[in-house]
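Enquirer: Requesting a structural model of the entry that follows:
(one chain, ligands or ions: 2)
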Amino acid sequence: MAITDTKFREDDRSLDQTLRPKSWDEYIGQELIKKNLKILIQAAQERGEPIEHLLFYGPPGLGKTTLAHLISRELNAQVKVTSGPAIEKVGDLASILTNLSAGDILFIDEAHRLNKLIEEILYPALESRSLDIIIGKGPSARTIQLELPPFTLIAATTRIALLSSPLRSRFSGGTYRLDFYTEDEIKRIIARSAKILGINIDEGAMSEIAKRSRFTPRVANRLLKRCRDFAQVEKSNSITGDLALKTLDLLEIDPVGL
Ligand SMILES: Nc1ncnc2c1ncn2[C@@H]1O[C@H](COP(=O)(O)OP(=O)(O)OP(=O)(O)O)[C@@H](O)[C@H]1O
Ligand SMILES: [Mg+2]
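Expert: Numbering: from 1, shown residues only. Ligands and ions are numbered 1, 2, ... in the order given. As a prediction, the model looks like this:
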């Protein structure tokens, strides 16, 4: 399918950012996760502590990154974003950790791609907020221990099975699996996105797009944008069911979204 090529992926990224929900109300669905997180946040805030470490997993485009940013926003916390493959050396992680301030959130995306050496540095950092660094080699090598500020790790992965079990066990705030959305939830997401993008869309079009979104918000938003393009070149000032169908046919997306 043509819409998975690089150009579209870049497009997606900026679209993701524009349409990213900024409050719990805007974050549609995943009710149980939201309920748990709200309790976790309130309890931690009442104690004046940072929230415990969290792990989000599930297929791409379901809202893991969005949740991490939403939580940071709720907490008024600064979020530092990195990813498994970006942390190549022990020194990379050491520099990230030592640059954190109290209450910061460290978001590590694609956590399944952290290498073992890095993971081992992370364990004590998560558990006892200490960073053990080995200086020198051979008999003269020594370990220095640095104390880290209180911080929260939020990790996300699409491949939970690839995460080592010692790492998995360190998410004391919980491990949350994001579920696919219902068609109705996807419709609500489309309605919200259309409003933000200033698009007129009718009920029928929302249904057609929702049906073919693979129950995934990112796909829904992407299809909505393609429909907008088509409406524009057709000089139509709104997206009707008929126009949506034509767009989806052009994209060769069948009724189940494949
Ligand atoms: N619950 C939601 N309500 C409304 N919009 C959502 C929701 N979840 C995700 N979205 C939309 O889908 C886009 C993709 O979500 P996000 O980037 O958080 O997915 P992800 O799970 O991090 O994907 P990946 O695994 O590819 O990193 C967001 O920008 C947002 O516009
Ligand atoms: Mg993400």
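
Enquirer: where along the stretch 51-200 of the chain do the strands fall?
Expert: Under the criterion DSSP state E, counting those that start in this stretch, the stretch 51-200 of the chain contains strands at 54-57, 79-83, 105-109, 130-135, 142-147, 152-157, 174-177.

Enquirer: need the least confident one among those strands, by mean pLDDT.
Expert: Mean pLDDT per stretch puts strand 130-135 lowest among the strands of the stretch 51-200 of the chain, at a mean of 86.

Enquirer: Now that strand: buried residues?
Expert: Neighbour counts over strand 130-135 (16 or more other Cβ atoms under 10 Å) mark L131 as buried. (Each C-beta comes from the backbone N, C-alpha and C, glycine too.)

Enquirer: so what strands line up beside that strand?
Expert: strand 142-147 (antiparallel) (DSSP bridges).

Enquirer: what's next to the partner strand, contact-wise?
Expert: Identification of contacts with strand 142-147 by Cβ atoms under 8 Å, 6 or more residues apart in numbering yields 98, 129-136.

Enquirer: Please apply the same query to stretch 116-131.
Expert: With contact meaning Cβ under 8 Å, 6+ apart, stretch 116-131 is reached by 53, 87, 90, 92-94, 97-98, 114, 132, 145-151, 153, 164, 166-167, 170.

Enquirer: can we see that at 7 Å?
Expert: With Cβ atoms under 7 Å, 6 or more residues apart in numbering as the test, stretch 116-131 has contacts from 53, 87, 90, 93-94, 97-98, 132, 145-148, 150, 153, 164, 166-167, 170.

Enquirer: cool, stretch 98-110 as well?
Expert: Contacts for stretch 98-110 (Cβ under 7 Å, 6+ apart): 50, 65, 68, 71-72, 77-85, 96, 131, 146, 148-157.

Enquirer: And the contacts of stretch 116-131, which of them are buried?
Expert: Among those, those that count as buried by neighbour count (16+ other Cβ under 10 Å) are 53, 87, 90, 93-94, 97, 148, 153, 167, 170.

Enquirer: Over to the nearest residue to L148 once chain neighbours are set aside: give its phi and psi.
Expert: Leaving aside its chain neighbours, L148 sits nearest to R129 (4.4 Å; criterion: Cβ to Cβ, 6 or more residues apart in numbering). Dihedral pair for R129: phi 50, psi 40, per degrees, to the nearest 10.

Enquirer: Please identify the residues of the protein in proximity to ligand 1?
Expert: Applying Cβ under 6 Å from any ligand atom, one finds that the chain approaches ligand 1 through 16, 19-21, 27-30, 60-66, 156, 158, 189, 217-218, 221.

Enquirer: change it to 5 Å
Expert: 16, 19-21, 27-28, 60-66, 158, 189, 217-218 (Cβ under 5 Å from any ligand atom).

Enquirer: Only the buried subset of the residues you listed, as a ChimeraX command please.
Expert: In ChimeraX, a selection of the buried entries from the residues of the chain next to ligand 1 looks like this (16+ other Cβ under 10 Å):
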select :16,19,21,27,28,61,62,63,64,65,66,158,189,217,218
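
Enquirer: quick one: S236 and L243 touch, right?
Expert: Yes - counting by Cβ atoms under 7 Å, S236 touches L243, with 5.9 Å between them.
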